[in-house]
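Trainee: give me a 3D structure for the following:
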Amino acid sequence: MPRWMLAAAMAVVLLIGATAAQAAEVLQVRSGTLLQVGDHNRTYTVELACVAVPAGSDDAAASWLRQALPRRTKVNLRPVGNDGGTLVARVQRLGSVDAGSASDLGSGLVAAGLASAKVDC
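Mentor: The predicted model follows:
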């Protein structure tokens, strides 16, 4: 089995069964659509699903994500596929008080005008 398939399968199993105490944590916002998350044993690169950030808006989108997802924020990942070994998922912040921050982070980027929704999602 190719290494990326094994990693993706392990990530899906890990993230489907995650509870609040075992949830994935944001380790780093790498760009306007890429996050580095971990589960205390492994780290994963996660691409936000269903959004496209224009080249000129990447820094602003990354800044928005850093504010929405400070380091060690617990998140729920809903995998939708993979792209060359990178897990593609919808990302939702856990433990938020208000409903706005509990929504899909990709939708938040679109609402902030920093990204557009992909047509094929």
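Trainee: list the strands paired with the longest strand along the chain, with their directions.
Mentor: For the chain, the longest strand by residue count, based on DSSP state E, is strand 74-83. Here strand 74-83 is paired, per DSSP bridges, with strand 24-29 (antiparallel), strand 86-93 (antiparallel).
Trainee: looking at those, which is closest to residue 38?
Mentor: strand 24-29 (5.0 Å; CB to CB). Glycine gets a C-beta too; all of them are placed from N, C-alpha and C.
Trainee: can you give me the buried ones in the closest one?
Mentor: 24-26, 29 (16 or more other CB atoms under 10 Å).
Trainee: may I have that strand exported as CSV, CA atoms only?
Mentor: In CSV, the C-alpha atoms belonging to strand 24-29 read as follows (Å, rounded to 0.1, in the frame of the first residue of the first chain):
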residue,chain,number,x,y,z
ALA,A,24,-6.7,17.0,16.6
GLU,A,25,-4.9,20.2,17.5
VAL,A,26,-3.8,23.0,15.2
LEU,A,27,0.0,23.1,15.3
GLN,A,28,0.5,25.7,12.6
VAL,A,29,-1.3,27.6,9.9
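Trainee: show me the beta-bridge partners of the most centrally placed residue in the chain.
Mentor: Taking CA atoms, centre = their mean as the criterion, residue 91 is the residue nearest the geometric centre of the chain, at 4.1 Å. Listed beta-bridge partners, residue 91: residue 77 (assigned using DSSP bridges).
Trainee: and it, how far is that from residue 56?
Mentor: Separation of residue 91 from residue 56 (CB to CB, to the nearest Å): 23 Å.
Trainee: isn't residue 76 up against residue 94?
Mentor: Yes. Taking CB atoms under 8 Å as the definition, residue 76 is a contact partner of residue 94 at 5.5 Å.
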